[in-house]
Structures are given as C-alpha cells and as structure tokens.
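Peer 1: Sequence and predicted structure below; questions after.
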Amino acid sequence: MDMLKIRVVMEYEFHHGSKAAEAARNINDVYGAITTIDRTTHYRLPRFRSENFDLRNEPCGHPKMLVNNDELKAIVEADDSRTTAELAVAFEVSTKTILVHLRQIGKVKKLDKWVPHELNERQREIRIETCLALLNRHTNEGILNRIVTCDEKWILFDNRKCSASWLDPGSVPKQCPKQKVTLRK
C-alpha cells in the first residue's frame with residue numbers, strides 16, 4: 001500500500017483520538033501485519049498535534065551538494081596533482097563527494113613512478129660499463145673476500161613522499177626523479 005494513503009489513515013486515527021500504538025495496531029489489523037510500525041505512528045501523531053498535517057516526506061540528512069562533473073574534469077585535467085582536500089575546498093563539498101565524482105568521471109589515483117635520477121646518454125653508458133665490470137669481477141673472484149663488517153648500524157632516514165596524480169585508468173603515471181639521498185646516523 002502507498003505510504004501516503006497510510007499517512008491519511010494515521011491522520012484519521014489521530015482525529016479519532018487513538019494513541020500511537022493503538023493507531024498502529026488498528027492499521028495493521030485492517031491492512032495487514034506489517035503495514036506500519038509503532039515508531040512511524042509515534043513520529044507522525046505528534047506532528048499532527050502540532051497542527052502539521054503535511055503528509056509528504058521531507059528530505060532527510062544533509063542537503064545533497066552536487067558537483068558539476070564537466071567542471072571537475074576540466075580542473076583535474078588542468079592540474080592532475082591536486083589533492084581531494086584541495087578540490088573539496090574549491091567546490092565547497094566534502095572529500096567523499098569529490099571521490100564519488102572523480103569515480104564518476106573515470107579518474108583513478110596513481111602514484112608517480114620514481115626513477116633514480118635523470119641520466120644523460122654518457123651517464124647511462126658509464127653505468128652499463130660499471131655493471132658489466134662488476135658482473136665480470138663476480139664471476140672471476142669469490143664474494144667472501146670482499147665482505148666488510150663493522151660494529152655500528154647506520155640507518156637511512158628518508159621521509160619523502162611520492163606525489164600522486166588523478167589519471168585515466170589506462171594512462172601511465174609520470175616519472176619524477178628522486179632527490180639526492182642523505183644519510184643520518
């Protein structure tokens with residue numbers, strides 16, 4: 001049965017002088033066992049007492065803030081490294097709303113690919129030569145006579161984060177060079 005018709009019957013029960021539980025029992029006796037529950041009538045009857053006979057539903061929860069997907073796509077494609085927090089502030093919505101709309105326009109978050117650093121052609125050649133020399137040395141000499149031990153422990157402290165971009169699912173992430181490694185004891 002339509003909820004609007006059930007609310008009309010609830011209004012009838014209110015004008016008849018029934019209490020909420022009694023009104024729910026009467027409605028369920030006539031229209032079926034699970035037509036309404038006590039909580040619904042406990043909600044509606046006090047509204048009738050306060051002269052509010054509007055039987056339509058009011059929107060519940062927070063108002064829906066819609067984001068224009070075309071505008072969001074234009075902003076993300078102009079600068080794909082913007083965070084969801086920055087986008088949420090720009091559109092004045094929550095980060096969850098931004099994530100939903102980013103998913104709708106088909107964007108995924110991908111971390112940029114770290115490369116050791118940018119090498120020119122001569123540096124690449126030197127690296128290849130060095131690697132080949134080390135491989136030859138390994139095959140000619142044993143490894144045990146080159147092990148160095150000490151009694152101190154050195155830990156690399158590097159707290160940089162890799163940046164991320166909002167890209168299409170099939171696209172390749174950007175490459176960004178790592179900064180020079182600094183050691184701290």
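Peer 2: Okay, I see it.
Peer 1: which residues in this protein form strands?
Peer 2: 108-111, 113-115, 164-167, 175-177 (DSSP state E).
Peer 1: for the last one, what is the average pLDDT?
Peer 2: This points to strand 175-177. Mean pLDDT, strand 175-177: 71.
Peer 1: Could you do the first one as well?
Peer 2: For strand 108-111, the mean per-residue pLDDT is 85.
Peer 1: Just give me the neighbour total for the nearest residue to L99 once chain neighbours are set aside.
Peer 2: Distances taken as Cβ to Cβ, 6 or more residues apart in numbering place T84 nearest to L99, at 6.0 Å, with adjacent residues excluded. The C-beta positions use only the backbone N, C-alpha and C, and glycine is treated the same way. Neighbourhood size, T84 [other Cβ atoms under 10 Å]: 16.
Peer 1: roughly how far is stretch 6-24 from the heart of the chain?
Peer 2: The chain centroid and the centroid of stretch 6-24 are separated by 45 Å, computed with Cα atoms, centre = their mean, to the nearest Å.
Peer 1: again but with stretch 5-21, I slipped
Peer 2: With Cα atoms, centre = their mean as the basis, the mean position of stretch 5-21 lies at 44 Å from the chain mean.
Peer 1: Report the contact partners of the residue nearest to L99.
Peer 2: 95, 98-99, 102 (Cβ atoms under 8 Å, 6 or more residues apart in numbering).
Peer 1: Of all pairs in those, which one spans the longest distance?
Peer 2: Considering Cβ to Cβ, no two members of the contacts of T84 lie farther apart than T95 and L102, which are separated by 10.1 Å.
Peer 1: These two: which is more packed in?
Peer 2: It is L102, of T95 and L102, that has more neighbours when counted by other Cβ under 10 Å, with 20 against 14.
Peer 1: Look up the pLDDT of the closest residue to the more buried one other than its chain neighbours for me, please.
Peer 2: In space, and not counting its chain neighbours, L102 is closest to W166: 6.3 Å by Cβ to Cβ, 6+ apart. Per-residue confidence (pLDDT) for W166: 83.
Peer 1: If I follow the layout properly, W166 ends up in contact with V76?
Peer 2: Yes: counting by Cβ atoms under 8 Å, W166 touches V76, with 4.9 Å between them.
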